[in-house]
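> Attaching a predicted model along with its sequence, questions to come.
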Amino acid sequence: MLLPTKPSDRSAEIFVETPQTVSGDQLEFACRLVEPASTRRIWFRFPRASEPRLTRRADPFVLATVVHLLGRVDRLHVHGAVSDGLFANLADFRDAFASFQKQPLSPISFSADEIVAPAARGPEFGGITAFSGGVDSCFSAFRHTPLSTLTPKRPLRAALMMHGFDIPLADDAIFQRAAERSRRMIDETGLSFFTGATNLRELPVPWEKTFAAAVAASLSFFQPAYSFGLVPSCHDWTHAHFENGSNPVTDPLLSSASYQIIHDGTRFGRIAKLRHLAEWPTALREVRVCWQGHQLDRNCCRCEKCLRTILMLRVAGVTDAPAFPEPLDLRAVENVVIRSKGGLDEFDYLLSEARRAGLREAWIRPAENALRRNRRNWLLRHKARAFAQSLPPSLQHFAQRTAQHLKTQNITARSTVAPLAPTVSPRSS
């Protein structure tokens, strides 16, 4: 067995390990990512019963680490087999990512011990979708199965929910309860339901930039059983954010000649998705969007994502979704803290759709006030960061502390909303 050796400057290597059984019935797939200044071990775990469907190729590890490596290395060699076409697509992915992120990123020279040509497949092969239990993933599962009348449909066969993305690995009991909610929905679609886990979020890269690559990596493990993987869209075309980690341009570039990654649902905004999901009672009972509450297997009804979804449901004509059992708190709406540009745009989309529908409900004025305040504070934070970057290094620490104070000012000044547990960030907004 080859042992990891320290690579030359600006190069990295991936050493794929032999899968092994851990924790009784879990099969662990792992690699060692060796960079000039560090070595990290990345792993994915799946129930051993899934083994016949899981690839031994290195594709998932390349996808899992590509965003982390952009701008850090110029060369990557993979000690393992990689599907034909993946490296060519990732070169285009780098170009698009650099353009959308407005970052000067040097190209990466990819190589591998073996490049594997695609095998012939019959028409029985279908796809697997990422499934978190949120609005976007519920809609993709609903849209492409007999539960809905929407056409055209893709031949979807399965759904995958990963532990370690929005629910921390330490919260195993919470993940199991959340997965059971998801299973109840997936059982009604007729799809197979799989779970897995990964420590991928230990990589020092912002999750909002790399989550689509992480989802694609997880789905790519199932390429022996399925011919494509679906990444549910976050936004419709009108509100697409190409600087997001997931968008309709860069997601398909995470494909190989053997396995296609599809960005699904961009024709539908979240309110349109919710209008369709209103036809699925189980989704209204089990959908889970919360990532800030104390119990991540349910919706806290107080955080920004919960409040935004509740209000979008109201625009969609649903006022009593069982997944959100708490009554709407107008003070919580007015005091909501929106941390991301994507979240601000989603709130603006919410209010635009409410005005388009001619709604005159009591929550609209508090939501407008919240949007104005959060836009102002986001702009202040943005200007503070830009100013800090222009300062000499000796003064940057002071400027960064000032920017952090502006970032947290909303939370400390508005204690009327129940405190939320610090946790990992969600997909994008």
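Good, I have the coordinates.
> Residue 297 and residue 143, how far apart?
According to CB to CB, to the nearest Å, residue 297 stands 25 Å off from residue 143. Using the backbone N, CA and C atoms, a C-beta is placed for each residue, glycine as well.
> what about the two, which has more around it?
Set residue 297 next to residue 143 and count neighbours by other CB atoms under 10 Å: residue 143 wins out with 26 against 19.
> show me what contacts the more buried one?
150, 153, 264, 265, 276 (CB atoms under 8 Å, 6 or more residues apart in numbering).
> and those as JSON lines, adding secondary structure?
Putting these into JSON lines (DSSP: H, G, I helix; E, B strand; the rest coil) gives the following:
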{"residue": "150", "secondary structure": "coil"}
{"residue": "153", "secondary structure": "coil"}
{"residue": "264", "secondary structure": "strand"}
{"residue": "265", "secondary structure": "coil"}
{"residue": "276", "secondary structure": "helix"}
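> Report the buried members of those.
Using 16 or more other CB atoms under 10 Å as the burial test, those include 264, 265, 276 as buried.
> I'd say the first one and residue 231 touch.
Put plainly, it is residue 264. Yes: shown here, residue 264 and residue 231 form a contact pair, counting by CB atoms under 8 Å, at 6.6 Å.
> With just CA atoms, put stretch 274-283 into CSV.
C-alpha atoms of stretch 274-283 as CSV (Å, rounded to 0.1, in the frame of the first residue of the first chain):
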residue,chain,number,x,y,z
LEU,A,274,-45.1,25.2,-1.7
ARG,A,275,-48.3,25.7,-3.7
HIS,A,276,-47.7,22.3,-5.3
LEU,A,277,-46.7,20.7,-1.9
ALA,A,278,-50.0,21.8,-0.5
GLU,A,279,-51.4,18.9,-2.4
TRP,A,280,-49.3,16.5,-0.3
PRO,A,281,-50.6,16.4,3.3
THR,A,282,-47.6,14.4,4.5
ALA,A,283,-45.2,17.0,3.4
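> Which residues does residue 11 form beta bridges with?
In this structure, residue 11 has the following beta-bridge partners (DSSP bridges): residue 75.
> quick one: it and residue 72 touch, right?
No: because the distance of 10.1 Å does not satisfy CB under 8 Å, residue 11 is recorded as not touching residue 72.
> ok, now which ones touch residue 213?
Residues in contact with residue 213 (CB under 8 Å, 6+ apart) are 63, 64, 66, 67, 245, 254.
> Which of those residues sits closest to residue 366?
Ranking the contacts of residue 213 by separation from residue 366, with CB to CB as the measure, puts residue 245 on top at 30.5 Å.
> residues in contact with that closest one?
By CB under 8 Å, 6+ apart, the neighbours of residue 245 are 67, 207, 208, 209, 210, 211, 212, 213, 427, 428.
> Tell me the spacing between it and residue 275.
Counting by CB to CB, the separation of residue 245 from residue 275 is 26 Å.
> A strand includes residue 360, no?
No: using three-state DSSP, the secondary structure at residue 360 is coil, not a strand.
> Please report the number of neighbouring residues for it.
Using other CB under 10 Å: residue 360 sits among 9 other residues.
> go on, the one 3 residues further on?
One way to gauge burial is a neighbour count; for residue 363, by other CB under 10 Å, it gives 19.
> For it, grab phi and psi.
With angles defined as degrees, to the nearest 10, residue 363 sits at phi -80, psi -10.
> Could you do residue 342 as well?
In terms of degrees, to the nearest 10, the main-chain angles of residue 342 are phi -60, psi -40.
> which one is residue 90 nearest to, not counting chain neighbours?
Nearest-residue entry for residue 90: residue 66, 5.7 Å, with adjacent residues in sequence omitted and distances by CB to CB, 6 or more residues apart in numbering.
> ok, the residue lying closest to residue 166 once chain neighbours are set aside to residue 101 distance?
Nearest residue to residue 166, sequence neighbours excluded (CB to CB, 6+ apart): residue 291, at 5.2 Å. Computed as CB to CB, the residue 291 to residue 101 distance reads 23 Å.
> same question, residue 257
In this structure, residue 257 and residue 101 are separated by 27 Å, where distance is defined by CB to CB.
> Good, we can wrap up now.
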